Every structure is written in C-alpha cells, then in structure tokens.
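Chemist: sequence first, then the predicted structure, then my questions.
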Amino acid sequence: MKRKVFIKNTALAALLPFILDALSACNSNTRKQNRILVLIQLVGGNDGLNTLIPLDNYKKLTDARPNLFIPENKILGIKGTSLTGLHPSLAGIKDLYENGLLGFIQGVGYENQNYSHFRSSDIWLTGSKSTEVLYTGWMARYLETRFKNYPEGFPNAQHPDPPAIKIGDTGSYLFQGTKMDMSIVIDPSTTFEPISVDSFDNESTGYAAAEVKSIREILQQTERYSKVIKDALATSFQHSTLYPKSGVNSLADQLKVVAKLIKGGLGTSIYLVDLKGFDTHSAQVDSSNTTKGLHADLLAKLSQAVTCFWDDVNIMGREKDITGITFSEFGRRIVSNSAYGTDHGAAQPLMFFGTNINSGIIGTNPVIPDKVNNTDNLAMQFDFKNVFASVLKKWMETSDDKVKEIFPENYPDIEIFKA
Amino acid sequence: MAIIPSYNLAPITGSLKKSDLLHLLRRTLFGVGHKELSFFQNKNIHESLDILLKQSPNPKAPTQSDPDITDPLIPNGSEWINAPYENEEIDKSRRIGLKTWWMGEMLNRDFSLSEKMTLFWHNHFVTEMDIVKDSRYSYRYVTMLRSYALGNFKKLIIEGTTDIAMLVYLNGNSNTKSAPNENYSRELMELFTLGKGVGVNYTEDDVKAGASVLSGWKDDKESIKSDFIPSLHDTDDKYFSSFFENKIIRGKSGNDGILEIDELIDMIFLRKETAKFFCRNLYRWFVSAHFDEAIESNIISPLADILIKHDFEVVPVLRTLLSSEHFFDAAYRGCIVKNPVDFYAGAVKQFDLALPTKLSDTHLCWAHIYYDISGLSMNIGDPPSVAGWPAFHQAPKFHQWWINSYTLGFRMKIADSLYSEEGANCNGPRIKFDFLSFVKELKNPENPDELIKECVELLFAVQISKSSLETLKKLLLSEQETGYYWTDVWNQFSAKPNDLMTKSVIENRLKLFFGKIMTMPEYQMM
C-alpha cells in the first residue's frame, strides 16, 4: 500500500489532468526578469561544526565529539584555505565553491539564543529579537514595501505574479503579512489547479467573521494567480540531467519546481524551499562510520539539490539573476551526546550561491573552548538580521530606509555580494 | 466592532436549543449528521455531557492488513503488537497499518469525546512514528493516549515520561549519567507541562537537572518494555532554580532512582503555570484561538484551579468548559477552522458514508482517507515536530494554518471525488456520498426552501449570506424560479422509488447542491 500507487489509482488523479511536467508549451515571456532569491530552510537545526569543519581547531573538536567527528583524511579540503574543510557529503558544494559560485558566512545567530525549535524558528522567520514577539514575517514586511496594501489591487499589470512562492504543502511564517499570507503554496508532489471561487458576502459574525474572510481571500488570491502559475508550469523545459528520480531527494524535487516556474517566466522574486530532518539528537552519524548517518544523508541531498538547481539555472541562462541562501533555526551543541547525536546549539554557518556573490568564507572559524563542557555553544559573529538586511540591500536593491523598516537596527554591510 | 462575549463559566440553564446542541456536537465529535442529532436531541446539557465525557473502551489491536506485504511472522489479518521486530520495510507496513487502524477508530467513534481527546493528546504529547521506527512501541504509545483520553493529565505525563516510544523519540534511551541527553527534559517543561509563557522562568540548568533525574532508561526491543538501568542513572543530588523554589531532588541509587521521576513531575505540577498552560491548549482546541487578558483571568485561571482541585483529572475541566455560558456564547459559533480530520472524517460521518463491509476493503478505505488527510497536512502519527501541528500553537494564524492555496484546493478535490459518479477510488473499493439518503431523512425534502433551510442549519456553523442561499436554490432548481419543479420531481420519485430516470434527476441536482456547500469557505468552519 504505497502512496505512489495510491495517487496513481485514485479518481482524484483523474480529476487533475494537469501534471507538473505537462508538455504543452506556452512560451511568451516578455516580463522584466527580476532578481530572484531562493531561501533554503534546513529544518531542525543544522550541525555547522560537521558541515564547515574548522581544521585549526581539529584536536579540540575531536575531544569534544569523540563519537562524532569526521576523520581528518575524509574531510574535503577546499582551495584557498587550509583552515577549513567540508563534510565528505558536500562534493557538489565544494565544486561550486571552487568555481567561485558559493560562499559561507560563519557564526550566524542572534543575541540570547533560544533553544526551542519553534521559538527559534519564529525568531528567524519573523526577524525579531530574542526578546520580542513579532507577528509578521520579515520577508512579508519586505514584500509589503513592494506590494503596498497587498492583497488589495493585486495582481495588476505591473505585478502580475505572486509576491512569493512557498514550495510544500504548508505556508510559512516568513510570508505572513499584515493582512494575509503573501505567498502562494505549491506542492511539488501533486498538481496545481485553479480553485473555483464564489463572490458571496460574508455574513458570519463573532470571531468567525475574520476567519471566513481570510479563507475567502486565500481563495480569491489563488484564483487570481492560478493562470500565471499554470502557464509557467506548462512551459516546456528540458531540466538538468543531474536530478535524481522524483521522490528521492525532496529538496531537489522542490528546487526543480522553482526552476520550472522561473523558466516559465513567472516574475516572482522570492522562493522558499526546505529540507527537513536536521534535528539529529541521535544517529547523526553511524556508530561504525562517522561519515555516514542521518546528517551525511541530509548534506548529500543538500549538495545534490543545489548542484542540479544551479545546472538548471545555467541551462536557462539566468545565472546573473538568481541567488540562493540556506539557514536553519540554530546550530548544534559543540559536545556530542552518547546517542551519536548533538543537542540544540547556537550559531551556525550559512551558505550562499550565485554568480554575483563573493566566493569565500566570511568571518572566522568558530572558537572551541579549551575545556569544553556540555553547555558550551559557538559564539555568534553575525546577527542573522544583519545578514538578511545585507541581502535585501545589495541583492534585492532595497533602500536603506526600507531595510530599516524591516530590520530597525543599524547594521554594517556584510560583503556577501560583489560590489 | 469589538466583540464582547460572556466570560461566565457557570453552566447554561434551561433546555438545550438545537443550535446549541449542534455547536456542542461539532466541537466534540468528528462530524454531525442526522444520527448524532437524533441521538442527542431532547437531552439537556448535563445528560449530553454525561454521554460525551464517558471514556470509550479500548479497541482491539491492529492487524497486518497490507496486501502488498508478506510479513513472514504475521499472516494477513493477525496481530503483530507482541511479535518480534523484523526489519524496517516490514515495520513500515505495520506502521501504515497502525495509522490506518487509528483512522478507522476515528471513523468508528461512538458518541464519546474519547477519540477527539486521543488526537488532542497526540498533539500535546507528541511522538512521531517515523522517527520511533518501531510500530510495536508506537502502538503502546497510542494505546496509552487513548486510555488517558478522558483521564488524568499528570498520570499521563508520569507514565508517558518512560513510555517506550517517547524514550526513543526524545532520546530518553540515551540519557545517562556520563552522557546526559536533555532533549526530553527540555520538551517536558517547554511543550508538555509549563510552556514558555509569561512568568515561566525555569532555567537552562533546570533542563539539565531534569535530564539527570531522567537518566538511566533504555528501551528493550525483546521485551518491548522500558527498562531502568540503575548503573546508568545519575545518583548525584539535583538542584533546581528559584522558579522551582530551589528544590533539591536527592539522588537515589538502585531501583529507587525511578522514584526521582515522581518528585520531578510533582515539582513541575506544583507550578500553577502547568495547569494554565494545559487549560490554554484545551481552550484553543475546543473554544477559540482568540486570547486576551479577560479570557486569561476569567476562564483560564479558574479552569486551572478546577484542574488542580481535581488532582489533574481532565473531565471536571471539560465539563465546566463545555457547559459554560462562555462556551455557548454566540461570538464563538463557527470560529474554528476544521482541521483535516474534522473536515474529512467529519464529512464521512455527517453524510453517513457507507464503507465496504469486507474487512480488507474497509482497511483500504481507511488508508485512503488517512492518506488524503495527510495530504491536507495532518499526518496522523507523524506531526511535523515535537510541538505538534502549528495550527494549535502558532500565533497569530492558529487554525488558519490549515488553509492555503494548496490545501484549500485539495479539500475541494476531495469533496469532488466523493460525490463524483464513480466515487473515490481507494485502491480498489470505491466510496461515495449518498446524498439522496441524507435528504430523505430531512423533515420536508419535497419543499426546496425547507430542504435548504434544514441542510444549512445542520451543515454550517456560521451564517451564510442571502446570495449564497439563492445560489444553492438555483443549483437545486436548475436555475428555475419556482420550487414546484423540485416538489414535483420529488413526489414522482417518492411514488416510484425504482424509477431510475427520476432518481438520477434528483441525484444530479443534489450533487451540485452539496458539492457547492462543501467547497464554500463557511463549510470549513466549525
């Protein structure tokens, strides 16, 4: 009783004649080609110390995580530095890095680290301080500077496409705007179908009134954007041959849909995809071989997915317009636990890619204390809000004033992008 | 316009109006149709709650029911809950069987709150079957939730702390004196008991001290039991912060180490924040996601007092809440977005959808429904994280989280498939709504206005507009103005129920009519 068989056989599938890889071509793209930002969320808290490995601290690392460290001869060296290496699963990432297409920022986090998954995710997605609670996503606040009063009056001739696309089956806090979710959600495993919508009045009273109103708004927005999305998905595109079979690497499946939408001419500039499973409290590595295990599999998927996607970007000739960045709700603890895993930690390295980026490593290797104990965590070098403020300013070409509306602090520029 | 509801927890008086009864049943059962209504009508609020708050007996264990799998030890149709673990592939098939079985229990629910509360506990005290990866463990976990459905919050937490699935899920099985693992201790405080609200100031060191108390447990795959290994237990004294009044739990050696858990849970439950946190979750599940100071002080705090007074039995709290003037206030009618189980299982119960009687076919249908519900982003048995589904905790969207451009479209497709001519294909057997039988049970099905009125009352928890009513009427009358055409054809059908032509005329109109209803935003509310 496997789900694949299931979908294939359901009447439901028959009702949805339109499939993602539909061949019908419709290639009329006269829209301005916006810059595009693809955010890759690593859900669960990625272990930075086993991702971007500090070689100058290697001895201390092996002491702190005796059952978890990657043997020195398995670590992938990277051109231009002897201080830092990569997890052996990241061969694709290493290639991109050495071709000047990828870089890292060390030690990204925030003051007063919160160790709860959901509070820390909220902090990252709303762009709040650890001590404050915000109810809108930082990206939604940015999009609201471009799509004023959304959803009133959208789509329109100037903005025919959705402000943001979330791939998956749920929305994200990142896109929660003042009035409504600024994203359209597209599930890569099924189809995208326009929704029929009525124009009935809302006569609900009490607390239900607002709820019914927002459901109707979602219906209306989806209907309004469904044609441009369907058209984009229907564009014929010979994807990179590097992609694995669908269903093998969920991140690759998601990025493939993003590539398809971009190729199809969708003018949306923000995409959010994710890879789940980074909460590796146990079996992060195999007990017999630390280069294998849950984390190795996840990083291999990340590496493969980014490689395939970048190949797609090249095939469509959009490498100058597209950049990507990863993030997670926190890094993991320096000291490993006895279950071959790691507990919730603090700062983490972020990875970014594109042709306009400064390839290299921003910041310094994390410092591991001489006598490390179970409670020690990696220090923050860059506030994540500072990182995203720089991305908005330099990549999304947002004015200082507008960036300050989104992230009120005064942040220095981080040189992620070429001048 | 500001909404000012009643903040009175006193029970409503007098007889239960039909609209009140519908509100109560919508919030406590999966789906309300003719059966539910006729069973409860003429009962007052106390009689109704006596029935709803009675714990259902635990069901028979699940069986291996996957026709695609050969389980070498377990013939198809037999139980596996005490069988040896075999391998991941076999266990996966058992896991699907377990989820399917759970789905079946929700669909077979009687007139008790038990199944809904089992799901509530699953969201409150989360494990994920695909992480536990041993269906026998997960069966024990689900059985524990179901036994405590209308039981005692504190006892559930005590038992659940060393539940075999939980030991695996939050790494209690690798938490030892020499290598502490604080995962469970952290979630115990943050998600299962105290929460992280205002005034909850436990420290990182409290989390670590909690982990020491809980050290020394293992899961045993042979006996399928949790084991305490005294030599792995931290026998040092554990010191807690001022939030816990500087409590010291004295380290104990040997099997007495187990006793420290009771002290830890006692210490956590002594804080009123635990009772309040729980009552807030219960409130959000049954009443509304809307919170303010007035709710906090007039509703949550008194409910927490009741919970504490009754030593953490949940029934007295539920009884107070679900009979209160506050619960029945008009402001809360229909203000919760149906979660995917309420939407799908609710529709199945509401329209009394007939499932095949042959057991293997029934299983296929349960599995189909389970998968669709999972596609609506509620994978029973595998919530997205230890915090449960964001719809139940994430401000400010809460229940709105269920609805987005993808899931709303999928809800419509599900409705479509269930009233399509051939029905929804469940990998063989097909299921479809029998709207005709549903309508036959109405009081005046021959009168289109009465038919619409009665359906709208039963199927919608919120008011719908005049224009929607007109559209619904048009669908029933094929754009005709006069209701006589419907009455005429209905009477023809009643006189000759076997005339297929007349029957199809009626059914075609009912499909359009109910199809429209199920896809309206108002139908998503309860």
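Modeler: Received it, and whenever you're ready, just let me know what you need.
Chemist: doesn't B:S135 make contact with B:E88?
Modeler: No - contact between B:E88 and B:S135 fails when scored by C-beta atoms under 8 Å: they sit 10.8 Å apart. Every C-beta, even on glycine, is put in place using the N, C-alpha and C of the backbone.
Chemist: which one's more surrounded, the two?
Modeler: Set B:E88 next to B:S135 and count neighbours by other C-beta atoms under 10 Å in any protein chain shown: B:S135 wins out with 27 against 11.
Chemist: the more buried one contacts B:L98, doesn't it?
Modeler: Yes - in terms of C-beta under 8 Å, B:S135 counts as a neighbour of B:L98; the distance is 5.2 Å.
Chemist: find residues that contact each of these two.
Modeler: Taking C-beta atoms under 8 Å, 6 or more residues apart in numbering or on different chains as the criterion, B:S135 and B:L98 both touch B:M129.
Chemist: ok, residue 164 - contacts?
Modeler: Going with chain A. The neighbourhood of A:A164, defined by C-beta under 8 Å, 6+ apart, consists of A:139-140, A:143, A:175, A:182-184, A:268-272.
Chemist: chain B was what I was after
Modeler: Listed by C-beta under 8 Å, 6+ apart, the contact partners of B:I164 are B:137, B:140-141, B:219, B:224-226.
Chemist: now the chain, which segments are flagged as low pLDDT?
Modeler: Because you didn't say which chain, this covers chain A. A:1-33, A:189-199 (pLDDT under 70).
Chemist: should've been chain B
Modeler: Under the criterion pLDDT under 70, the flagged ranges of chain B are B:1.
Chemist: what segments of it are strands?
Modeler: Counting by DSSP state E, chain B forms strands over residues B:217-220, B:225-228, B:238-239, B:248-249, B:424-425, B:430-431, given from the N-terminal end onward.
Chemist: paired strands for the third one, with orientation please.
Modeler: It refers to strand B:238-239. Here strand B:238-239 is paired, per DSSP bridges, with strand B:248-249 (antiparallel).
Chemist: what's in contact with the partner strand?
Modeler: Here strand B:248-249 has contacts from B:209, B:213, B:237-240, B:260, B:263-264, B:267, using C-beta under 8 Å, 6+ apart.
Chemist: you'd agree B:E325 is up against B:L9?
Modeler: Yes - in this structure, B:E325 is within contact of B:L9 by C-beta under 8 Å, at 7.5 Å.
Chemist: now do the helices in chain A.
Modeler: When secondary structure is read from DSSP state H, chain A shows helices at A:3-9, A:11-15, A:58-64, A:91-98, A:117-126, A:138-146, A:208-234, A:250-263, A:294-315, A:384-390, A:400-406.
Chemist: list the buried ones in stretch B:293-312?
Modeler: B:295-296, B:298-300, B:302-304, B:306-308, B:312 (16 or more other C-beta atoms under 10 Å in any protein chain shown).
Chemist: ok, the residue nearest the centre of chain B - contacts?
Modeler: Geometric centre of chain B, nearest residue: B:L119, 3.4 Å, by C-alpha atoms, centre = their mean. With contacts defined as C-beta under 8 Å, 6+ apart, the neighbours of B:L119 are B:106, B:341, B:380.
Chemist: correct me, but the last one touches B:K99?
Modeler: Yes - under the criterion of C-beta under 8 Å, B:I380 lies in contact with B:K99, with a separation of 5.7 Å.
Chemist: identify the contacts common to those two.
Modeler: Common contact partners of B:I380 and B:K99 (C-beta under 8 Å, 6+ apart): B:Y370.
Chemist: kindly report the residues of the stretch 151-300 of chain B close to chain A.
Modeler: By C-beta under 8 Å from any C-beta of the partner chain, the part of the stretch 151-300 of chain B that sits against chain A consists of B:170-171, B:173-174, B:176, B:178-183, B:186, B:190, B:196, B:204, B:208, B:288, B:290.
Chemist: so of the contacts of A:A164, which ones are in strands?
Modeler: Secondary structure assignment (DSSP E) places A:183-184, A:270-272 from the contacts of A:A164 within strands.
Chemist: just the ones of the contacts of B:L119 in helices?
Modeler: Secondary structure of those is defined by DSSP H; positions in helices are B:106, B:341.
Chemist: which of the contacts of B:L119 are buried?
Modeler: The neighbour count (16+ other C-beta under 10 Å) marks B:106, B:341, B:380 as buried among the contacts of B:L119.
Chemist: the second one contacts B:N379, correct?
Modeler: Looking back up the chat, that one is B:V341. No - counting by C-beta under 8 Å, B:V341 sits too far from B:N379 to count as a contact (11.0 Å).
Chemist: residues making contact with stretch A:383-401?
Modeler: The list of residues contacting stretch A:383-401 from outside it, by C-beta under 8 Å, 6+ apart, reads A:35, A:37, A:105, A:108-111, A:124, A:127, A:138, A:142, A:145, A:269, A:323, A:325, A:327, A:350, A:356, A:402-403, A:406-407, A:409, A:411-414, A:416-417.
Chemist: and that stretch, how far out from the chain's middle?
Modeler: In terms of C-alpha atoms, centre = their mean, to the nearest Å, the centre of stretch A:383-401 is set 16 Å apart from its chain centre.
Chemist: next one: stretch B:176-193
Modeler: For stretch B:176-193, the distance from its own C-alpha centre to the chain's C-alpha centre is 26 Å (C-alpha atoms, centre = their mean).
Chemist: tell me the buried residues in it?
Modeler: Residues of stretch B:176-193 classed as buried by neighbour count (16+ other C-beta under 10 Å): B:176, B:179-193.
Chemist: among those residues, which pair sits farthest apart?
Modeler: Using C-beta to C-beta, those reach their maximum pairwise distance at B:A179 and B:T193, which is 24.7 Å.
Chemist: wait, which of the contacts of B:L119 is closest to chain A?
Modeler: B:I380 (14.2 Å; C-beta to the nearest C-beta).
Chemist: contacting residues around that closest one?
Modeler: In this structure, B:I380 makes contact with B:99, B:102-103, B:119, B:122, B:341, B:370, B:373-374, judged by C-beta under 8 Å, 6+ apart.
Chemist: tell me which of those is nearest to B:F244?
Modeler: Each of the contacts of B:I380 was checked against B:F244 using C-beta to C-beta; the closest is B:H122, at 28.3 Å.
Chemist: from B:I51, how far off is the residue nearest to that closest one when sequence neighbours are not counted?
Modeler: In space, and not counting its chain neighbours, B:H122 is closest to B:L145: 5.8 Å by C-beta to C-beta, 6 or more residues apart in numbering or on different chains. In this view, B:L145 and B:I51 are 21 Å apart by C-beta to C-beta, to the nearest Å.
Chemist: okay, those two: which has more neighbours?
Modeler: For B:L145 versus B:I51, the count of surrounding residues by other C-beta under 10 Å is larger for B:L145: 23 against 14.
Chemist: what about residue 210, neighbour count?
Modeler: Unless you meant another one, I'm taking chain A. Burial of A:A210 is recorded as 14 neighbouring residues (other C-beta under 10 Å).
Chemist: the intended chain is chain B.
Modeler: B:G210: 26 surrounding residues under other C-beta under 10 Å.
Chemist: what's the answer for the one 4 residues further on, then?
Modeler: Other residues within reach of B:L214, judged by other C-beta under 10 Å, total 26.
Chemist: pretty sure it is touching B:M166, no?
Modeler: No - taking contact to mean C-beta under 8 Å, the distance of 10.7 Å between B:L214 and B:M166 leaves them out of contact.
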